[in-house]
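K.L.:
the following block contains a protein sequence and its predicted model.
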Amino acid sequence: MVWALFGSAVHNILEHGKDEHHLVEQRLFSEVDGWTISGAIDLQEVEEDGIIISDYKVTGAWSVMNEKDDWHNQLNIYAWLVEKVKKEPVKKLQIVAIIRDWASRDAEKENYPSAPVAVIDIPLWTMEQRQKFIEDRIRMHSEAFFESETEGDLPPCSTTDMWEKPTTYAVKKEGGVRAKSVHFSKEDADNALPEKGYFIEVRNGERT
């Protein structure tokens, strides 16, 4: 609840701090094959040579360290909408991550974010790549909708579709609360386990 309110506060700050070169939470619509594509873009910075699209996320350090494909998909759909609807070029995509569980003591760890706010550049696909991605997703939804309406067999969801987090292995000190290190394989955790006073906690994956 607190972090949901914090996310809303971030958007209020953006709204009050905007000027003629910044568009906040503009919602755009377009249509493909009879389906409406819509997106509300957190921030558009309008510059002479193109638009910078930023999406603000209150998230965990794990998500920043293991960048999500969904972020790439979402922001490239935004880029598609801007260029399709507004006929203006997009030159850059970025996530502004506000890391709710950031800890200074972990900042020196490999791949751990160095500050509680991280700006992450997202690769900008070509217009052809964006168009194909959108058309493929519409086709998948259309096929699933047809199967549902005709009592057919729905296709299985992938781990990506279900936002599945993998099982991890935390090396923890006996009686301690925080992990000394977290690993994606039991073998890596075994190699990092000190001889005495520590154990491995298995953190089972889940489908978000």
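P.N.:
Alright, I've got the coordinates.

K.L.:
which of the helices or strands spans residue 162?
P.N.:
For residue 162, there is no enclosing helix or strand under DSSP states H and E.

K.L.:
number of nearby residues for the closest residue to it other than its chain neighbours?
P.N.:
With Cβ to Cβ, 6 or more residues apart in numbering as the criterion, residue 162 has its nearest non-adjacent residue at 4.2 Å, and that residue is residue 207. Every C-beta, even on glycine, is put in place using the N, C-alpha and C of the backbone. By other Cβ atoms under 10 Å, the residues close to residue 207 number 10.

K.L.:
for the chain, give the helix that spans the most residues.
P.N.:
helix 127-149 (DSSP state H).

K.L.:
now the following helix or strand past that helix: mean pLDDT?
P.N.:
Per DSSP H and E, the first helix or strand lying C-terminal to helix 127-149 is strand 164-165. Average pLDDT, strand 164-165: 85.

K.L.:
now do strand 164-165: which elements does it pack against?
P.N.:
Using 3 or more Cβ pairs under 8 Å, 6 or more residues apart in numbering; DSSP states H and E as the contact test, the elements touching strand 164-165 are strand 206-207.

K.L.:
run the chain-centre distance for the strand it packs on.
P.N.:
On the basis of Cα atoms, centre = their mean, to the nearest Å, strand 206-207 sits 16 Å off its chain's mean C-alpha point.

K.L.:
elements contacting that strand?
P.N.:
Here strand 206-207 touches strand 164-165, going by 3+ Cβ pairs under 8 Å, 6+ apart.

K.L.:
following the strand it packs on, which helix or strand comes up?
P.N.:
In N-to-C order, the element after strand 164-165 by DSSP H and E is strand 168-173.

K.L.:
ok, the residue most central in space within the chain - contacts?
P.N.:
For the chain, the residue nearest the mean C-alpha position is residue 71 (3.7 Å; Cα atoms, centre = their mean). Going by Cβ atoms under 8 Å, 6 or more residues apart in numbering, residue 71 touches 55, 57, 95, 120, 122.

K.L.:
my read: residue 197 touches residue 172, true?
P.N.:
No - shown here, residue 197 and residue 172 do not form a contact pair, counting by Cβ atoms under 8 Å, at 10.0 Å.

K.L.:
distance check, the residue nearest to residue 140 when sequence neighbours are not counted against residue 60.
P.N.:
Nearest non-adjacent residue to residue 140, counting by Cβ to Cβ, 6+ apart: residue 155, 7.6 Å away. Distance, residue 155 to residue 60, using Cβ to Cβ, to the nearest Å: 30 Å.
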